[in-house]
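**Q** Please find the sequence and the predicted model below.
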Amino acid sequence: MISFRSSTRLYFVLAAKGYARNIQYRGSHLLHNFASATFGYLYACIWIGLGRDYSLGEYGTLGMMQYITFTQMSLWVSSFMTNGLGIPQSVRTGQIALDLMRPVHLFAQLMAREWGQIAYQFFYKSVPIYLVMLLALGMLPAHGGRTLPLALLALAGAAYLSICINYLIGVSSLWTTESSWLYWGNQALMNLLAGFFIPIQWLPLWLQQIAWASPYPFMLYVPTQLYLGKANPVLLLGTLAWGLALTGLCLLATRVVRRRVEVQGG
């Protein structure tokens, strides 16, 4: 195995490569930003309309606009990941066999590459979308921006949880000819159980219980509540607990993969 210093340098290079690969497409990604900001703005307008007739609970109209603004920008960090961290494509080409032979843990190398993409999406997608929506809706950051550092810390934890889940989705492609349904199923659960469509406390009680028994609230809802100043920072312990549990599953899955690799096509 390579030394700790060499492996650290390698992970940094992989992350930098992931960042550089995406930065080549800044122009085309402007269209993504426009579409995402437009969707967020229209979504906010719906709640503004509802706020004229209803109180919108503890949020109020302004609170819901802040809620939507933060969740819209957070999706590019905690939800929109590479499908299976690229493992399904590697399985189809046979590259997975070479990846497993390298003296670097498969989970670590794919995670490092994905962090580079996340960094790119944060600076070139999340931040512009956040600023555009604040300007379009005529708002200032919640609590004058004082809650942003804690919310961003929770969002970094959310990104890690999403990396782990996508890794497990990718690993499943070693035993199935089609894993994309797991990816899109994960996206659907993210929208529902993470509080993207509506805050979790507005869901039916039975669905709230299902949501809190999963990692999804910690991938979007908790960072947003911290941003709005409506959550106790102790919830970050939940992010940590799920991070440890999912890390264990990823390491276990990698061990199983190393014992038996089935590559489609031979």
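**A** Ah, there it is.

**Q** the helices in this structure, which residues?
**A** Along the chain, counting by DSSP state H, helices occupy 4-23, 26-51, 60-78, 87-93, 95-101, 106-121, 127-137, 148-172, 180-193, 205-212, 221-228, 236-259.

**Q** And these, which one averages the lowest pLDDT?
**A** The weakest mean pLDDT among the helices of the chain belongs to helix 4-23, with a mean of 68.

**Q** How about the contacts made by the residue nearest the centre of the chain?
**A** Centroid-nearest residue in the chain, with C-alpha atoms, centre = their mean: S78, separated by 1.5 Å. When contacts are counted by C-beta atoms under 8 Å, 6 or more residues apart in numbering, S78 touches L155, A158, A159, L161, S162, M190, A194, M219, L220, P223. Bear in mind the C-beta positions are built from the backbone N, C-alpha and C, glycine included.

**Q** Looking at those, spot the one nearest P149.
**A** Set against P149, the nearest of these by C-beta to C-beta is L155 (10.5 Å).

**Q** is it true that the closest one touches M73?
**A** No - the criterion here is C-beta atoms under 8 Å, and L155 misses it with M73 at 9.2 Å.

**Q** what separates H32 from L235, distance-wise?
**A** Distance, H32 to L235, by C-beta to C-beta, to the nearest Å: 30 Å.

**Q** swap in L182?
**A** Look at L182 and L235: by C-beta to C-beta, they are 27 Å apart.

**Q** Give me the more crowded residue out of the two.
**A** Shown here are L182 and L235; by other C-beta atoms under 10 Å, L182 has more neighbours (20 against 17).

**Q** Report how many residues lie close to A136.
**A** 16.

**Q** Same check on Y43?
**A** Y43: 19 surrounding residues under other C-beta under 10 Å.

**Q** list the contacts for it?
**A** Shown in contact with Y43 (C-beta under 8 Å, 6+ apart): I68, Q72.

**Q** list the contacts for the closest residue to L85 other than its chain neighbours?
**A** Once flanking residues are discounted, L85 sits nearest to L110: 4.4 Å by C-beta to C-beta, 6 or more residues apart in numbering. Contacts for L110 were tallied using C-beta under 8 Å, 6+ apart; they are L85, G86, I87, Y167, G170.

**Q** Switch those residues over to TSV, and while doing so, append distance to L140 and neighbour count to every line.
**A** Formatted as TSV, the contacts of L110 follow (distance: C-beta to C-beta, whole Å; neighbours: other C-beta atoms under 10 Å):
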residue	distance to L140	neighbour count
L85	37	26
G86	39	18
I87	42	26
Y167	38	25
G170	40	28
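
**Q** biggest separation within those, which pair?
**A** Largest separation among the contacts of L110 by C-beta to C-beta: G86 and Y167, giving 10.0 Å.

**Q** starting at the chain centroid, how far to stretch 155-169?
**A** Relative to its parent chain, stretch 155-169 has a centroid offset of 6 Å by C-alpha atoms, centre = their mean, to the nearest Å.

**Q** could you dump it to PDB, C-alpha only?
**A** The C-alpha trace of stretch 155-169 is given here as PDB (Å, rounded to 0.1, in the frame of the first residue of the first chain):
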ATOM      1  CA  LEU A 155     -24.500  20.800   4.200                       C
ATOM      2  CA  ALA A 156     -20.900  19.400   3.900                       C
ATOM      3  CA  GLY A 157     -22.100  16.500   6.100                       C
ATOM      4  CA  ALA A 158     -25.100  16.100   3.900                       C
ATOM      5  CA  ALA A 159     -22.800  15.900   0.800                       C
ATOM      6  CA  TYR A 160     -20.900  13.100   2.500                       C
ATOM      7  CA  LEU A 161     -24.100  11.100   3.200                       C
ATOM      8  CA  SER A 162     -25.100  11.500  -0.400                       C
ATOM      9  CA  ILE A 163     -21.700  10.200  -1.600                       C
ATOM     10  CA  CYS A 164     -22.100   7.100   0.600                       C
ATOM     11  CA  ILE A 165     -25.600   6.400  -0.700                       C
ATOM     12  CA  ASN A 166     -24.500   6.800  -4.300                       C
ATOM     13  CA  TYR A 167     -21.500   4.600  -3.700                       C
ATOM     14  CA  LEU A 168     -23.800   1.800  -2.500                       C
ATOM     15  CA  ILE A 169     -26.000   2.400  -5.500                       C
END
